[in-house]
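> Structural data only, the sequence is not supplied:
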């Protein structure tokens, strides 16, 4: 699962799964859905942080969104809040009562998802691993089969936990060459990284048997790739922290 401070956990297409007309509405009313996704994440994050700071942190310390895992209820809250602010803006633009109804509907669904999150518990991790930046790809001498290869990398910590994988990066390898993968400067708290490679973006597999050191590069050793595990989605929560009942703004 992604951390709250990683990239957004849903796309415009996934918004449309909940509200098929949202793209048409956005285009008609001049609303940028990508901007609204980021705005909703910021607004939900502030609401969540205000609740987290009312309850003691296990082991002491200060509540921090960088330690929060986006579990299913939290993801739903962000989706519904995004839809609510889209229709809120559309209503304010045209004072259209149909938009007002959608605004109120998704605001209520957002509060429902938030209540579910607080009842089940907010997922947190002790040692957060940020989403990896895109890897650095190059070609070096070798024998990897000619083709275009897609790559993702993910940071790991001392406990062997893995963060959310990077965005895809691709490179064309010619005859007599092979793939070399490096990573940017490691974030605090990480001790290694894993590399996932495939001949198509949908079929990536882990290539390293043990975590690579942050200063180490990985070079494809042969003609073909290994078939390890597929990329994960990030850290699972160490704990679920139920929250007190709160009244969220409409």
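Cool, got the structure. In this text, all values refer to a predicted model and were calculated from it rather than measured experimentally. Numbering: from 1, shown residues only.
> Show me where this structure has its strands.
Remark: strands assigned in the chain by DSSP state E are 122-124, 136-141, 147-156, 169-173, 177-182, 192-198, 205-206, 218-219, 239-241.
> Give me the buried positions along the second one.
The one in question is strand 136-141. For strand 136-141, a neighbour-count test (16 or more other CB atoms under 10 Å) marks 137, 139 as buried. In this view, the C-beta of every residue, glycine as well, is placed from N, C-alpha and C.
> what's the answer for the last one, then?
Residues of strand 239-241 classed as buried: residue 241 (neighbour count, 16+ other CB under 10 Å).
> repeat for the third one
Neighbour counts using 16+ other CB under 10 Å place 149-156 of strand 147-156 among the buried residues.
> Can you get me a residue count around residue 182?
Using other CB atoms under 10 Å, residue 182 has 18 neighbouring residues.
> What's opposite it in the beta bridge?
Taking DSSP bridges, one obtains residue 136 as the residues bridged to residue 182.
> again with the one 10 residues further on
Using DSSP bridges, the bridge partners assigned to residue 192 are residue 156.
> Show the contacting residues for it.
155-156, 211-214 (CB atoms under 8 Å, 6 or more residues apart in numbering).
> Of these, which is the nearest to residue 189?
Closest approach between these and residue 189, by CB to CB: residue 155, at 8.6 Å.
> can I assume the closest one is in contact with residue 186?
Yes. Assessed by CB atoms under 8 Å, residue 155 is found in contact with residue 186 at 6.5 Å.
> Quick check: neighbours shared by the two?
Taking CB under 8 Å, 6+ apart as the criterion, residue 155 and residue 186 both touch residue 193.
> Domains of this structure: list them as residue ranges, please.
Per automatic domain parsing, the structural domains of the chain span 12-124, 136-219.
> Quick check: closest non-adjacent residue to residue 174.
Of all residues not flanking residue 174 in the chain, residue 146 sits nearest, at 5.9 Å (CB to CB, 6 or more residues apart in numbering).
> Could you count how many residues lie near that neighbour?
Residues lying near residue 146 (other CB under 10 Å) number 10.
> Relative to residue 122, how far out is the residue nearest to residue 142 when sequence neighbours are not counted?
Spatial nearest neighbour of residue 142, excluding adjacent residues (CB to CB, 6+ apart): residue 178 at 2.5 Å. Between residue 178 and residue 122 the computed distance is 45 Å (CB to CB, to the nearest Å).
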